[in-house]
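K.L.:
fold the following.
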Amino acid sequence: MEEPNLFLICLNAFVAVIGLLAALAGALRGLLELFPEQPSATAPPPRIDIRPATAIAPPPRAAAWQPWTDTAIAVAIATAVNAAAPGARVTHIEEIR
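P.N.:
Now for the predicted structure:
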């Protein structure tokens, strides 16, 4: 009885995996062509102003409510800033278009 060649088994498995990945890539490409991204669906991330707590900053300007403004988002941004730079505070959040 002939013994299996390990090199051919590995080569076969490699070709099968590459073929499967190519098929999945083609399926994703097809889905993206069928359902293109809407241009206004994604908004750019808001720009934040990070200054140390000791910096003298002018008082924040009162701005009109914007549709993307949300208290939970502002708290999440402030928490992330405080985790990245302890003692810092967010004084202004602005969306860049």
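
K.L.:
poorly predicted segments of the protein, please.
P.N.:
Scanning the chain for pLDDT under 70 picks out 1, 38-69, 95, 97.

K.L.:
in it, which spans are helices?
P.N.:
Under the criterion DSSP state H, the chain carries helices at the ranges 6-34, 71-84.

K.L.:
now the longest one: buried residues?
P.N.:
Right, helix 6-34. Across helix 6-34, burial judged by 16 or more other CB atoms under 10 Å covers no residue at all. Any C-beta I mention is one placed from the backbone N, CA and C, and that applies to glycine too.

K.L.:
neighbours of A76, how many?
P.N.:
For A76, the count of nearby residues is 11 (other CB atoms under 10 Å).

K.L.:
check V75 too.
P.N.:
Look at V75: counted by other CB under 10 Å, it has 11 neighbours.

K.L.:
ok, now the one 5 residues further on?
P.N.:
Using other CB under 10 Å, A80 has 13 neighbouring residues.

K.L.:
and what of the one 3 residues further on?
P.N.:
Around A83 there are 9 other residues, counting by other CB under 10 Å.

K.L.:
dump the helices of the chain to TSV, plus distance to I93.
P.N.:
Output for the helices of the chain, formatted as TSV (distance: least, CB to CB, whole Å):
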stretch	distance to I93
helix 6-34	32
helix 71-84	6
